[in-house]
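Undergrad: with the sequence up front, the predicted model follows.
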Amino acid sequence: MSGDFNKKLIKAKIQKSERALLSGGKIPQGQIQGSGPANRHGMPKLPPGQHTVPNWPVLDLGIKPNIPLSQWQLEVNGEVENPYVLNWGDFLKLPQLTDTSDFHCVTSWSRMDNKWTGVQFKVLAEKAKLKKTARFVYVTGYDDYSTNLKLEEALDDDVLLVHHWNNQPLPLEHGGPVRMITPRKYAWKGSKWIKGITFLKEDRLGFWELRGYSNTAEPWEDDRYAQPQITNFDP
Ligand SMILES: Nc1nc2c(c(=O)[nH]1)N[C@H]1C(S)=C(S)[C@@H](COP(=O)(O)O)O[C@H]1N2
Ligand SMILES: [Mo]
């Protein structure tokens, strides 16, 4: 499958993050102060350097895996007492939540007020019965994408594995049937086409975290880029 990756696109993104780092890690158009009413996280609704878009752009690695619901599985494992695999029916039987939140892409667009329906990450974590040693989370997608979070960040109330967006099934190009969303982090921290969640003792960098995106990824701190540890795509 790795032959299908859009290496040109990945290379261009790495180069962009390297250039941005040279200019201080901020995006070149400069700092725009967030405006609008404070959201429920006590922050301006729009993070610095972001602009809102009415549409929803699609970003991926050049692959859009099409997983039939009959074959869809989510595997949860690692530093847990109760590792498990869910099929589609199991997933829908978990408590479902509808929540409205914003989506901030590192490339500077934000799509505000998305109505999401899905399962809270923390529900999946509780079901797994975390060991005390679980401190980090590593998430993988059906396209072999990966990303990572601190456990406490992943347990935020608004971190969801969503299957509906604005009352419609999540479109394939946006990660359907199920993707993760991380409204308080840049959007690359939420894997589309989610396949696996592993709880870890130590942090493990994901696809973009290895290739020049910030590990902490704080939108309200304009925290976008970091020194890349890998500069090519080498699966
Ligand atoms: N599995 C997977 N998840 C992914 C990505 C990807 O390439 N593969 N791209 C990330 C990036 S960089 C962004 S900005 C968002 C884009 O989500 P969207 O295409 O729905 O806008 O998904 C993130 N999650
Ligand atoms: Mo992105």
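TA: Yes, it's here. Numbering: from 1, shown residues only. Ligands and ions are numbered 1, 2, ... in the order given.

Undergrad: get me the contact residues on the chain for ligand 2.
TA: Proximity of the chain to ligand 2 (C-beta under 5 Å from the ion) is limited to residues 59, 105-106, 188. Using the backbone N, CA and C atoms, a C-beta is placed for each residue, glycine as well.

Undergrad: which of the three states applies to the closest residue to residue 156 other than its chain neighbours?
TA: Leaving out its chain neighbours, the residue that sits closest to residue 156 by C-beta to C-beta, 6 or more residues apart in numbering is residue 184, at 6.1 Å. Local secondary structure at residue 184 is given as coil here, using DSSP: H, G, I helix; E, B strand; the rest coil.

Undergrad: what about residue 67, how many neighbours?
TA: With neighbours defined by other C-beta atoms under 10 Å, the count for residue 67 comes to 16.

Undergrad: er, residue 166 actually
TA: Look at residue 166: counted by other C-beta under 10 Å, it has 12 neighbours.

Undergrad: how near is the residue nearest the centre of the chain to ligand 1?
TA: Of all residues in the chain, the one closest to the mean position by C-alpha atoms, centre = their mean is residue 190, 1.1 Å from it. Residue 190 sits at a distance of 6 Å from ligand 1 (criterion: C-beta to the nearest ligand atom, to the nearest Å).

Undergrad: residue 111 now?
TA: Taken as C-beta to the nearest ligand atom, the span from residue 111 to ligand 1 is 8 Å.

Undergrad: same deal with residue 82?
TA: Distance of residue 82 to ligand 1, computed by C-beta to the nearest ligand atom: 25 Å.

Undergrad: so that residue is in contact with residue 131, correct?
TA: No. Taking C-beta atoms under 8 Å as the definition, residue 82 is not a contact partner of residue 131, at 10.2 Å.
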